[in-house]
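S.K.: next one to model:
(2 chains)
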Amino acid sequence: MSEGRRRVATVAKKELVEFVRDWRTIVAILVIPVLMFPVLFILFPLLLEAEAQELDALVVRVELQADAPPLMLLDALDQTGIDLVVVDLPPLQNLTDAYLDVERLRQGQLDALLRVRANNSTWEYATLHLSTSEQSNEARARVLSAVAEWERNETTFRIEAAGLDANNTLNPVVWNGSIADADAASRGEQAGLALSLFIPLVLAVWTFSSAIQPSIDMTAGERERGTLEALLGLPCTRLELLLGKWLAVATITAAGVLLQIAGLMFAIGYLATSDIIAVPSLSISVIGLLCIAVLLFAITVVAIELALAMRSHSVKEAGSVLGPAVLLILFPALFTQVINLDNIEMFWFAIPVVNILLALRELLLNRVVLSHITVWFLSSAVYATLAALYAARQFKREDIVTTLS
Amino acid sequence: MLVANGVSKSFGDVQALINVSLSIGEGEIIGLVGSNGAGKTTLLRLLAGVYRPSEGTLALGDGTDVAKGRRRLGVVPESTGLYSRLTAWENIRYHARLHGVPDDVAWTRTQHYARLLDMLPHLGRHTKGFSRGMRQKTALLRALAHHPSMLLLDEPTAGLDVTSARTVKQLVRSLGDEGKTVIYSTHQLAEAEQVCTRIIIIHNGEVRADGTPQQLLQFTETTNLEEAYVALSSDRARSVDQSEKALSGWSRRWRGLFTPRTPLSPGVSEDE
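M.R.: So this is what the prediction gives:
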């Protein structure tokens, strides 16, 4: 190994050792990304399911106000786990009039109230509930479900009473066959489409945000703590220092992003067993191109962050600059989600940030378009070079040893 | 060993050093004495190759540019520059490796000097909990691990207790005896007189005097170094507000909007 490369490796190794010894940073940059998607995709749905089961088991109190409640409605209400009380309908102009019932709902004496009255050949109904109470909302949902069931039965009854077939009358146009079989895309390709809207966003935002803290610590942090001056008096060039620090930040960022993707894949694998989503089908060349795209993006992002942090006079100033800069990634990332990839204009693949996000989207769909790859690769290589030159320029500034501390 | 010829250094409109010419030989222990903002640290950073001269030349005895001759230099900045999450030995080893010194060689040298500084039991400890004295001694060990021929020490005894300061001064003297050149910046004239074979007085960016303590007394026709220093720096020391200078125009103006004017605001001197 040449002396220069050895010094770069020494700087990177020391930065990584320091990083590993700070457990808070490890948790923030490595542990959280691993757990984020499993928690979001597995634990969160399980929690929602448990909550839904709890609500299903809940017995809600509903008062039905009607002079002569129709039997079909009573049957429907009987199947919804409602503790039903039937009383006479008070004299009301509109069924939503408050009367004395609103206060009873507010005081929790009732969860919901259903009013029903006959008007010639139709039925009129209204429900009263308290929208700020989850139990009241659940009661209303069950009442509306029972009313819908009653309406279907009533409709069928009336159609058949007129001598018609209820099913043919209500559904004159019907689908024939399996909906899944009608899609030419395989399940893996469908999964690729779903993930292409998601993974580029995660990769871009996480690459940028996970590099912020180490970039600041290794530049403005060193400057503020006074360690940079001692380092600059050593027989290594500033470019070697930059490369060593870049290598360390890139390693940390790559580890964070890879762990996050591993967490995502684990969650997808778990969901795939329940037929919710399939594992995307990607060729080896596409996976290789994905890695190149992410690498070019990481080179650019880490170099820019190191440069901006090095320009700052303090850790606080660097944080104020780099924190809001996440928006520079987030907005293009969100915007890229709505760009139609079919017949897309070539210039999109030359716009910074957007080009890599579009490349990732396209590759996750297993599409290899040579002209697109050429444009995003060349433009990203140019941006990465410019970012590296900018960072090198910042590292060569004489005033980086001065500090406000 | 080291020659500075007409060296000046400016930062924007601030002239930190003006036309400094020096010739430093082997084995000399040189005290750089001056008030705050005199230019001592700027001169040390120039000698360490951290800054480049705005004017003039600075080279090692064989004509090598100082930036290229850093292998021969050991630097202890005022802040000591230790990494708190590394142990004392890891701090030393990191710099030694960047100097291209094998770990076993650096360890042997470190052990030798650590015994003199009573630091041997502390080499495996993280520097986070170190006292100022221990930090200073670790920084000295780090600067010595690659066997430099010249040491640049920026206020090495500042903030140290009497015992630690004494140990550091003894080490500096013994390094001089070993033939190493030591350039030592300090505010303390008495300390410079105790330790140094030659004293350079810097004031407002200019070298006002350069010689042995006796030569300074003869030159200023005074009886002690304190009087000599006062005679050489009788004009008022400049005040350079580095923190304000470091801010860009917009930042300065923005800060000004939220800074109420007081009788001692910039532009109004105490004399007024």
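
S.K.: and the residue of the stretch 151-300 of chain A that's closest to chain B?
M.R.: residue A:226 (2.6 Å; Cβ to the nearest Cβ). C-beta: built from backbone N, CA, C; applies to glycine.

S.K.: quick check: that residue touching residue B:84?
M.R.: No. At 11.3 Å, residue A:226 does not count as touching residue B:84 under the criterion of Cβ atoms under 8 Å.

S.K.: biggest helix in chain B by residues?
M.R.: Scanning chain B for the helix with the most residues, using DSSP state H, yields helix B:162-177.

S.K.: paired strands for the helix or strand just after that one, with orientation please.
M.R.: Next along the chain after helix B:162-177, taking DSSP states H and E as the criterion, comes strand B:181-186. Using DSSP bridges, the strands paired with strand B:181-186 are strand B:29-33 (parallel), strand B:150-154 (parallel).

S.K.: tell me the phi and psi of the closest residue to the residue of the stretch 151-300 of chain A closest to chain B other than its chain neighbours?
M.R.: Counting by Cβ to Cβ, 6 or more residues apart in numbering or on different chains, residue A:226 lies nearest to residue B:79, which is 2.6 Å off, once chain neighbours are set aside. Main-chain torsions, residue B:79, degrees, to the nearest 10: phi -80, psi 0.

S.K.: list the contacts of residue B:79.
M.R.: A:225-227, A:229-230 (Cβ atoms under 8 Å, 6 or more residues apart in numbering or on different chains).

S.K.: so which of these belong to helices?
M.R.: Using DSSP H, the contacts of residue B:79 in helices are A:225, A:227, A:229-230.

S.K.: tell me how far residue B:84 lies from residue A:389.
M.R.: Taking Cβ to Cβ, to the nearest Å as the measure, residue B:84 falls 32 Å from residue A:389.

S.K.: between these two, which is the more surrounded one?
M.R.: Per other Cβ atoms under 10 Å in any protein chain shown, whichever of residue B:84 and residue A:389 has more neighbours is residue B:84, with 15 against 12.

S.K.: for stretch A:284-291, what is the distance to the chain centroid?
M.R.: 24 Å (Cα atoms, centre = their mean, to the nearest Å).

S.K.: for it, which residues meet the burial criterion?
M.R.: A:286, A:289-290 (16 or more other Cβ atoms under 10 Å in any protein chain shown).

S.K.: just the closest of the residues you listed to residue A:401, please.
M.R.: Nearest to residue A:401, judged by Cβ to Cβ, of the buried residues of stretch A:284-291 is residue A:290 at 40.5 Å.

S.K.: what does the pLDDT read for whichever residue of the stretch 51-200 of chain B sits closest to chain A?
M.R.: Nearest residue of the stretch 51-200 of chain B to chain A: residue B:79, at 2.6 Å (Cβ to the nearest Cβ). pLDDT, residue B:79: 87.

S.K.: give me the nearest residue to residue 116, chain neighbours excluded.
M.R.: I'll assume chain A. residue A:66 (4.1 Å).

S.K.: sorry, should have said chain B
M.R.: residue B:171 (5.9 Å).

S.K.: for that neighbour, which residues are in contact?
M.R.: Here residue B:171 is in contact with B:113, B:116-117, B:140 (criterion: Cβ under 8 Å, 6+ apart).

S.K.: swap the cut-off to 7 Å and go again
M.R.: B:116-117, B:140 (Cβ atoms under 7 Å, 6 or more residues apart in numbering or on different chains).

S.K.: could you dump these to JSON lines with secondary structure?
M.R.: Output for these, formatted as JSON lines (DSSP: H, G, I helix; E, B strand; the rest coil):
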{"residue": "B:116", "secondary structure": "helix"}
{"residue": "B:117", "secondary structure": "coil"}
{"residue": "B:140", "secondary structure": "helix"}
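
S.K.: so where is the stretch 1-150 of chain A shaky, pLDDT-wise?
M.R.: By pLDDT under 70, the low-scoring segments of the stretch 1-150 of chain A are A:1.

S.K.: could you take the ones in helices among the contacts of residue B:79 and lay them out as a markdown table, with extra columns for distance to residue B:106, neighbour count and pLDDT?
M.R.: Shown next, in a markdown table, are these (distance: Cβ to Cβ, whole Å; neighbours: other Cβ atoms under 10 Å in any protein chain shown; pLDDT from 0 to 100):
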| residue | distance to residue B:106 | neighbour count | pLDDT |
| --- | --- | --- | --- |
| A:225 | 23 | 19 | 87 |
| A:227 | 19 | 20 | 91 |
| A:229 | 21 | 26 | 88 |
| A:230 | 16 | 26 | 89 |
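
S.K.: export those residues to CSV and tack on distance to residue A:246?
M.R.: Shown next, in CSV, are those (distance: Cβ to Cβ, whole Å):
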residue, distance to residue A:246
A:225, 20
A:227, 18
A:229, 20
A:230, 20
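
S.K.: for chain B, which spans come out with low pLDDT?
M.R.: By pLDDT under 70, the low-scoring segments of chain B are B:236-248, B:263-272.

S.K.: can you list the residue ranges for helices in it?
M.R.: Using DSSP H, the helices found in chain B span residues B:40-47, B:88-98, B:103-116, B:132-144, B:162-177, B:189-195, B:213-220, B:225-232, B:242-246, B:249-257.

S.K.: which ones are touching the residue most central in space within chain B?
M.R.: In chain B, the C-alpha nearest the mean C-alpha coordinate belongs to residue B:154, at 2.2 Å (Cα atoms, centre = their mean). Residue B:154 makes contact with B:41, B:44, B:76-78, B:185 under the criterion Cβ under 7 Å, 6+ apart.

S.K.: enumerate the residues of the stretch 201-350 of chain A near chain B.
M.R.: A:226-227, A:229-230, A:232-236, A:313 (Cβ under 7 Å from any Cβ of the partner chain).

S.K.: and the furthest pair within those?
M.R.: It's A:235 and A:313 that sit farthest apart of those, by Cβ to Cβ, at 26.8 Å.

S.K.: which helix or which strand is home to the residue sitting furthest away from the middle of chain A?
M.R.: Centroid-distance maximum for chain A: residue A:163 at 52.8 Å, with Cα atoms, centre = their mean. Under the criterion DSSP H and E, no helix or strand holds residue A:163.

S.K.: now the phi/psi pair for it, please.
M.R.: Here the main-chain torsion angles of residue A:163 (degrees, to the nearest 10) amount to phi 80, psi 20.

S.K.: what's the separation between it and residue A:169?
M.R.: Taking Cβ to Cβ, one finds residue A:163 at 11 Å from residue A:169.

S.K.: would you mind naming what in chain B lies close to chain A?
M.R.: Going by Cβ under 7 Å from any Cβ, the residues of chain B near chain A are B:45, B:48-51, B:70-71, B:73, B:75, B:77, B:79, B:81-83, B:85-86, B:94-95, B:97-100, B:242-243, B:246.
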